[in-house]
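# Structure, please.
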Amino acid sequence: MTETTFYQSYNPVTRRGTEIVTDSETGLPVIIQTQDVKPIVESAKQLASAFDKHQPRPDGITHVARIPMVIWQQLVKLGITKDQKALNAWLDERDNRVFRTDDARRI
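The predicted structure is shown next:
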C-alpha cells in the first residue's frame, strides 16, 4: 500500500509543520507534527549560560527548560507533564539536556 498525503501545512513563523497521511500498513490516517527545534535549543543554551542560581527570584519561579511544542505535546500524552519527578528525569536524559535553561541542579 502506498502512502497518501491528505493535508500538509507549514508555518514559517513557528517553524511547525503538520501532515496527515495514510498509514502504509493499516490505511488509517496518521497525523505527523514536526518542528525545527534549533532556535529553541540555541535560546536554551543562551539562557543556561546566563543562569545564576544566586539571582533573586521574587516570584519564586525558576525557568528550567524550553521545550518545543511538538515534544511537549508528546510528553502530555505520556502523562509526564503532570509528574514533576518524571519530567525532571526526562530533562536529565542525555538527549533532552539541550532544552535546559538552568544548571540542572534541583532547587
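# Could you count how many residues lie near Ala65?
Residues contacting Ala65 under the criterion other CB atoms under 10 Å number 21. (Glycine included, C-beta is placed from N, CA and C.)
# hang on, isn't it packed against Arg100?
Yes. Between Ala65 and Arg100 a contact is recorded at 5.3 Å, counting by CB atoms under 8 Å.
# Other residues contacting the longest helix along the chain?
Secondary structure of the chain per DSSP state H: the longest helix is helix 38-49. Identification of contacts with helix 38-49 by CB atoms under 8 Å, 6 or more residues apart in numbering yields 15, 63, 65-68, 98-103.
# That one: which residues count as buried?
For helix 38-49, the neighbour count (16 or more other CB atoms under 10 Å) marks 40, 44, 47-48 as buried.
# Tell me where the protein is predicted with low confidence.
Where the chain drops to pLDDT under 70, the residues are 1-2, 105-107.
# Okay, strands next: where are they in it?
For the chain, the strands defined by DSSP state E cover 5-11, 16-22, 29-35.
# So if we follow the domain assignment, how does this structure break up?
Split into domains by automatic domain parsing, the chain comes to 1-36, 37-102.
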